[in-house]
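**Student:** 3D model of this:
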Amino acid sequence: MTAEPAPLVRVRQWTAAALADLDEDHLEAVLLVSTELLTNAYEHGATPYGIRLRRSRMPCRVRVEVDDASPEQPVVGRSRLGETRGRGLVLVDQLSTAWGTNPLPGTGKTVWAEVSCERDGYTRCASRP
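**Tutor:** Coordinates of the predicted model:
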């Protein structure tokens, strides 16, 4: 019997397939940002959830957007040695060139982060369409 992958695993697989032509380091940063934003929505937000990827090529950038129905704003935790919580948005802040929130109509919000291949050490994105 084969177990179905967990939702976060499916999101990582979907993201990796959609962005397969990115440099490996850039893709890993996008995967980590996606996982962290979605984990925050699961843990602190309210259903329904949604995730979108928006990609621009000039400049090369991937914007990850995660929706949830909670009006509560994300809070950057403080990572402390030995602690296992509070690091998600610290990582998002370090890996992204910008991040923030936008209100959704009614209630809820979109938390977004942009990961650029302009970061040190990343190979520029492929120029193909």
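**Student:** what pLDDT does the most centrally placed residue in the chain get?
**Tutor:** Central residue of the chain (CA atoms, centre = their mean): S34, 2.4 Å from the mean position. On pLDDT, S34 comes in at 95.
**Student:** wait, isn't it in contact with R63?
**Tutor:** No - contact criterion CB atoms under 8 Å: S34 and R63 do not qualify, at 10.8 Å. C-beta here means a position set from N, CA and C on the backbone, and glycine is covered the same way.
**Student:** Pull up the overlap in contacts between these two.
**Tutor:** Residues touching both S34 and R63 (CB atoms under 8 Å, 6 or more residues apart in numbering) are L53.
**Student:** Following element in sequence after the helix or strand hosting V30, please.
**Tutor:** Using DSSP states H and E, V30 falls within helix 24-44. Per DSSP H and E, helix 24-44 leads on to strand 50-57 as the next helix or strand towards the C-terminus.
**Student:** What sits closest to T107 if chain neighbours are left out?
**Tutor:** Leaving aside its chain neighbours, T107 sits nearest to P71 (5.4 Å; criterion: CB to CB, 6 or more residues apart in numbering).
**Student:** Count the neighbours of the one you found for me.
**Tutor:** With neighbours defined by other CB atoms under 10 Å, the count for P71 comes to 13.
**Student:** hey, where'd the strands end up in this protein?
**Tutor:** 50-57, 60-68, 98-103, 109-116 (DSSP state E).
**Student:** any idea of the angle the shortest one forms with strand 60-68?
**Tutor:** Here the directions of strand 98-103 and strand 60-68 differ by 40 degrees (axes from the mean of the first three to the mean of the last three CA atoms, to 10 degrees).
**Student:** How about strand 98-103, which residues are buried there?
**Tutor:** W99 (16 or more other CB atoms under 10 Å).
**Student:** Contacts only, for L31.
**Tutor:** Here L31 is in contact with R12, T15, A16 (CB under 8 Å, 6+ apart).
**Student:** Report the contact partners of the second one.
**Tutor:** I take that to be T15. V30, L31, S34, L53 are the contacts of T15 under CB under 8 Å, 6+ apart.
**Student:** Thanks a lot, catch you later.
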